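Participant: Sequence plus predicted model, see below.
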Amino acid sequence: MASKKKLLLIDDDVDFVEMNSSVLEHGGYQVTAAYSGREGLEVARAELPDLIVLDVMMEETTEGFDLSREFRKDPMLSHVPILMLTSVNRRFRPLRFGPDEDWLPVDRFLDKPVRPQQLLAEIDQLLQKGAGS
Amino acid sequence: MLSAQSRVLSRPDRARDWGPETPHKELARVMDRPANILVIDDERGIREGCRRVLLSEGHRVEAVQDAESGLEMARSGAFDLLVVDIKMSGMGGIDLVHQVQQIDAAIVCIVITGYATFDTAVEATKAGAYDFLPKPFTPDELIGKVRKGLERRWLVLEARRLREERERSLLQISAEKSRLLTVINCMQDAVLVTNREGQLALYNPAALAMLQLSSNNPIGQPLQAAVPMPELTRLVDSALASSTSPSTVLSQEICQPGGERVLMASVARVLDEHSETIGSVTVVRDITELKRLDRMKSQFVGMVAHELRAPLAAIQGYMDVILSGAAGDDQEQVRRMLNRSRERAGSLLNLIDDLLDVSSMEAGRIARRIESVHLPNLLLDVAEMVRPKAEMRDVHCTFDLPVGLPPVRADREDMGRLFTNLLTNAIKYNRDGGSVRVAARMEGRYLRVDVVDTGLGIPPDAIPRLFDEFYRVKTPETRQITGTGLGLSIVKRIVDAHHGRIDVESELGKGSIFSVFLPIADGAMRG
């Protein structure tokens, strides 16, 4: 049996880290958590996760965006799929945004809260896509 | 007795200039009104004769026998017309006429001459006499000359009145104009007036700075040369070219080129009495500040939305996890999730309360009731209220509140809110088994209250943003602590509204000191 896939959760909201990691761990993943952009980058470089779940808005409004671009620039991490979560209601988004190669280089974009089954399914799909290519 | 014989002297008839008759009834009425006449003659017979004749014409008549008293009476300004004998002992008639004319050239002087020669006529005319009455003369001749003289008098007075009236209204117009100019010059809004050709006709000082007018006299220049703002000049041009109703005002938001100012320009046509466009008036207002406030408001709404959404999303997320069983059925874990959900719900309620506090503070000071507040009592009440929280963390509270501290001028509710926030923070961000010390003392004109905790401390780079709305210190230790991010911003607002100050001193891992300075009540100063 293959070793467990490593996921990195980056979110400054302790409760989302708690609920998502318990779901993902129960779903058979190995989960590491980071609570800020800086910490997230450090942990990602140290752990080299198979997928990153990233909150869009941490202390700085653009922290999630900036971080996703950092990952893409890092040769060790550029291929790691990113699932971005947001708690900003669609109507308050300054721009209509979705995954964008330069500006927002993430693979998937979901509104918080994401139902456990959907979260598992999305992650599963992203990991398979990554493995297939 | 007056003689009927008379000789007419050849002389310029000045009265004819005005025309012998006037078609205007109004003027005729004015012309026929009774006058005040002074007769000056040392010959009693002529003096009295003239007086009787003129009285019978309805005039008021005085008569004196010498030039000196005549001059004195004329000086009073009460007489319209003087009948003066040219030859009198003492001051002569010519001299008198000359002096009277100096006093008021509108007083008509008729000279009675015994020897009508050309030279006398010239001399009297030079002195300012209006007409001659050669002796002997008939009552009709006297009446005729006086009537003509009075016509002259009334016309001169009327002309003088009209002239004064005109001068007065000119003064009024110029005062009106200067008032209007003052109003325009005092305006904070820029004002530009152009003629029909779009050339600048008027501007005010505000326009100079706001619209960056070319400094070397821009009056008379085409607007696009005077104002380096193509958007504005286009707006004025389109207003001038339009044929909409005069009350139509074209308004447009304009960005100042090269500057960060946002301007709102309003242009209207100016019409003449035939409804032809004769120019335009433009008023420009700097709305940068309004825009900034508007943006701040939107930002605030966005932040509030985010802050409201986050705890609800967390609660819903936990519910989904529990209900779906996606995290297994470990009862301890379920319990933990439910506890966290409850905590997030509580923080949501707190957030709503804090938002209401903020909005009541923004709404104005109506609700604020300033009175003398004795802080030590209030601090003990607050401590009592937060005691359950302290006991939960096993945090011990001590007080250093000297007897005899003066009261502060403050709103009691605000003070309660302020210290509840500070004490709650001191407990929340403390370590288990830590302590909170509340100490008050006088410092100058202020009462100083220190809230000292033995908690986590605040990173130095977080201190400048500590009082910002929704700012929360994020460290691994604060992660589990719920808060609205509004508490300290409310504290700051309250302190500012009471003309006080708040200082923060903190050492990471050791604790923080929040020091509040509040002005003490007037009359409470000692020494």
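Facilitator: It's in.

Participant: Can you tell me how far the spatially most central residue of chain A is from chain B?
Facilitator: Compute the mean C-alpha point of chain A, and by Cα atoms, centre = their mean the closest residue is A:Val53, 1.6 Å away. Separation of A:Val53 from chain B (Cβ to the nearest Cβ, to the nearest Å): 13 Å. From N, CA and C alone the C-beta is placed, and that goes for glycine too.

Participant: If I look at that residue, what pLDDT would I see?
Facilitator: The confidence metric pLDDT takes the value 94 at A:Val53.

Participant: Look up phi and psi at it.
Facilitator: phi -100, psi 120 (degrees, to the nearest 10).

Participant: right, and it touches A:Leu85 too?
Facilitator: Yes: at 6.5 Å, A:Val53 counts as touching A:Leu85 under the criterion of Cβ atoms under 8 Å.

Participant: Need the residues touching each of the two.
Facilitator: With contacts taken as Cβ atoms under 8 Å, 6 or more residues apart in numbering or on different chains, the residues that reach both A:Val53 and A:Leu85 are A:Asp11.

Participant: Closest residue of the stretch 351-500 of chain B to chain A?
Facilitator: B:Arg479 (4.5 Å; Cβ to the nearest Cβ).

Participant: Report the contact partners of the residue lying closest to that residue once chain neighbours are set aside.
Facilitator: On the basis of Cβ to Cβ, 6 or more residues apart in numbering or on different chains, the spatially nearest residue to B:Arg479 that is not a chain neighbour turns out to be A:Val14, at 4.5 Å. A:Val14 sits next to A:Tyr35, B:Arg479, B:Gln480 when contact means Cβ under 8 Å, 6+ apart.

Participant: Look up which residues are beta-bridged to B:Ser283.
Facilitator: One thing to correct before we go on: residue B:283 is Val, not Ser. B:Val191, B:Ser266 (DSSP bridges).

Participant: so it makes contact with B:Ala190?
Facilitator: Yes: proximity of B:Val283 to B:Ala190 meets the contact threshold set by Cβ under 8 Å, at 7.1 Å.

Participant: So for these two, which sits in the more crowded spot?
Facilitator: Set B:Val283 next to B:Ala190 and count neighbours by other Cβ atoms under 10 Å in any protein chain shown: B:Ala190 wins out with 24 against 20.

Participant: how about the more buried one, what does it touch?
Facilitator: Counted by Cβ under 8 Å, 6+ apart, B:Ala190 has contacts B:Tyr203, B:Asn204, B:Ala206, B:Ala207, B:Met210, B:Leu211, B:Thr282, B:Val283, B:Val284, B:Arg285.

Participant: For A:Pro75, state which of these is nearest.
Facilitator: B:Met210 (53.5 Å; Cβ to Cβ).

Participant: where does the closest residue to the closest one other than its chain neighbours land on pLDDT?
Facilitator: Using Cβ to Cβ, 6+ apart and skipping residues adjacent in sequence, the residue nearest B:Met210 is B:Ala190, 4.4 Å away. On pLDDT, B:Ala190 comes in at 92.

Participant: What residues does B:Arg493 make contact with?
Facilitator: B:Val358, B:Met361.

Participant: Could you count how many residues lie near the closest residue to B:Gln221 other than its chain neighbours?
Facilitator: Distance criterion Cβ to Cβ, 6+ apart; nearest residue to B:Gln221, sequence neighbours excluded, is B:Leu200 at 5.6 Å. Using other Cβ under 10 Å, the number of residues around B:Leu200 comes to 23.
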